[in-house]
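*Asks:* heads up, no residue letters with this:
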């Protein structure tokens, strides 16, 4: 994982909007409908190439493939791992449960989630290695044609998989998440072996409190989150920490979010995880204030903070000056050398969903780049001025 010695680098959470053609193909495949495999491979490859080129063109330093091959960031695994079957509807998030009309309006505006939500009904193991190989080849080809600092690839964390796919097979949740971790270990190591940064997506450590694990008490949830970090660390045991980053969020959907578990309740658990970099929400109104939690925490000296400075649910383009100010908040906590500018969450979390047009999204990412440039100018100028005064 690279940190620039002279400026703040930029990245994002991973997912980018998929075209209507790609979304349709992914959703049809997800529901086991007949799909032209060659056509799907071509559309994915072209989408990855376009995603990487557009990121590079606006100045994003650490780019992704946009998660083009995945129907979403959590349930794509039923195509790669055995032991998952069926399609079980999920409960509304706790903050939305009492607002059925609002949920219906969101569905009309954003598109309905029509992806499959399987259950674990048998032993979990790797059954298909082809897609991860294709993903790696597509990202390698796309980045070879651009000049970027680094590239990363997303993968679902063991805990995230268990939060979306309920257990109907293993004798305990611990046994379930440990089996998933063992199966996912191969994908994690393949991404790093290919020369890319691995991003493990871990909304199970925050969002799942009011979604997938909403029936647990807070104390029970925190114990489960601890188990998830143990399983994740074991799955990453052969990977250097500086080749991994983790994303934690409370869900990139519009809603009250008044059931979000506070960061202060989970931060010690997050800091136990092996990944060197932590991506987290810092731009949306429910979690902006939590920069003080990071300020007051005992953050290990090897950790890198990647605060979300752009809100993916709003069409408003953040002003670069606001982005620069937000960056400075975190550099004052851990230093300019341990901050990368990021986004709160993904822009294309689910195929066929999302209200923002691609051009809006790239305007927001451009503002991120411009804000990082403003902050860099001030931070390095300030250091130069201090050095002169000291002499």
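*Replies:* Received it, and whenever you're ready, just let me know what you need. Keep in mind that what you see is a predicted model, and the values were worked out from it rather than measured.
*Asks:* how is residue 120 assigned, secondary-structure-wise?
*Replies:* strand (DSSP: H, G, I helix; E, B strand; the rest coil).
*Asks:* do the same with residue 286
*Replies:* Residue 286 - assigned by three-state DSSP - is coil.
*Asks:* report the contact partners of the nearest residue to it once chain neighbours are set aside.
*Replies:* Distances taken as CB to CB, 6 or more residues apart in numbering place residue 257 nearest to residue 286, at 4.3 Å, with adjacent residues excluded. To be clear about C-beta, it is placed using only N, CA and C from the backbone, and glycine gets the same treatment. Counting by CB atoms under 8 Å, 6 or more residues apart in numbering, residue 257 touches 95, 250, 251, 284, 286.
*Asks:* now the two most distant members of those residues.
*Replies:* 95 and 284 (13.0 Å; CB to CB).
*Asks:* make CSV out of the contacts of residue 257 and add pLDDT, neighbour count and distance to residue 328.
*Replies:* What follows is the contacts of residue 257, written out as CSV (pLDDT from 0 to 100; neighbours: other CB atoms under 10 Å; distance: CB to CB, whole Å):
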residue, pLDDT, neighbour count, distance to residue 328
95, 92, 19, 31
250, 97, 28, 24
251, 93, 21, 27
284, 94, 20, 19
286, 95, 15, 21
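*Asks:* ok, so of the residues you listed, who is nearest residue 31?
*Replies:* Of the contacts of residue 257, the one sitting nearest to residue 31 (CB to CB) turns out to be residue 251, at 23.9 Å.
*Asks:* the residue nearest to that closest one when sequence neighbours are not counted and residue 248, how far apart?
*Replies:* In this structure, residue 251 finds its nearest non-sequential neighbour in residue 207, 4.4 Å apart by CB to CB, 6+ apart. Using CB to CB, to the nearest Å, residue 207 is found at 8 Å from residue 248.
*Asks:* kindly report the same for residue 52.
*Replies:* Residue 52 is 25 Å from residue 248, by CB to CB.
*Asks:* equivalent analysis for residue 61, please.
*Replies:* According to CB to CB, residue 61 stands 21 Å off from residue 248.
*Asks:* what do you get for residue 194?
*Replies:* From residue 194 over to residue 248 the distance is 24 Å, taken as CB to CB.
*Asks:* which of the two has more neighbours?
*Replies:* Per other CB atoms under 10 Å, whichever of residue 194 and residue 248 has more neighbours is residue 248, with 24 against 17.
*Asks:* ok, now which ones touch residue 286?
*Replies:* 250, 257, 258, 260.
*Asks:* spit out the contact partners of the nearest residue to the last one once chain neighbours are set aside.
*Replies:* This points to residue 260. Excluding the flanking residues, the one nearest residue 260 by CB to CB, 6+ apart is residue 250, at 4.4 Å. Residue 250 makes contact with 203, 206, 207, 210, 257, 260, 261, 281, 286, 287 under the criterion CB under 8 Å, 6+ apart.
*Asks:* which of those residues has the most neighbours?
*Replies:* residue 281 (29 neighbours).
*Asks:* that one is in contact with residue 247, isn't it?
*Replies:* No: with contact defined as CB atoms under 8 Å, residue 281 does not count as touching residue 247 (9.5 Å).
*Asks:* overlap in contacts, the two.
*Replies:* With CB under 8 Å, 6+ apart, residue 281 and residue 247 have common neighbours residue 345.
*Asks:* mind listing the helices for the stretch 101-250 of the chain?
*Replies:* Remark: helices assigned in the stretch 101-250 of the chain by DSSP state H, counting those that start in this stretch are 130-144, 158-164, 173-193, 218-235.
*Asks:* return the most buried member of these.
*Replies:* Per residue and on average, the most neighbours among the helices of the stretch 101-250 of the chain fall to helix 158-164, with a mean of 28 (mean count of other CB atoms under 10 Å).
*Asks:* which helices and strands does that helix pack with?
*Replies:* The contact analysis (3 or more CB pairs under 8 Å, 6 or more residues apart in numbering; DSSP states H and E) places helix 158-164 against helix 173-193, helix 218-235.
*Asks:* next one: it to chain centre, how far?
*Replies:* The chain centroid and the centroid of helix 158-164 are separated by 13 Å under CA atoms, centre = their mean, to the nearest Å.
*Asks:* same thing with stretch 55-63?
*Replies:* For stretch 55-63, the distance to the chain centre is 17 Å (CA atoms, centre = their mean).
*Asks:* state the mean pLDDT of that stretch.
*Replies:* Stretch 55-63 carries an average pLDDT of 97.
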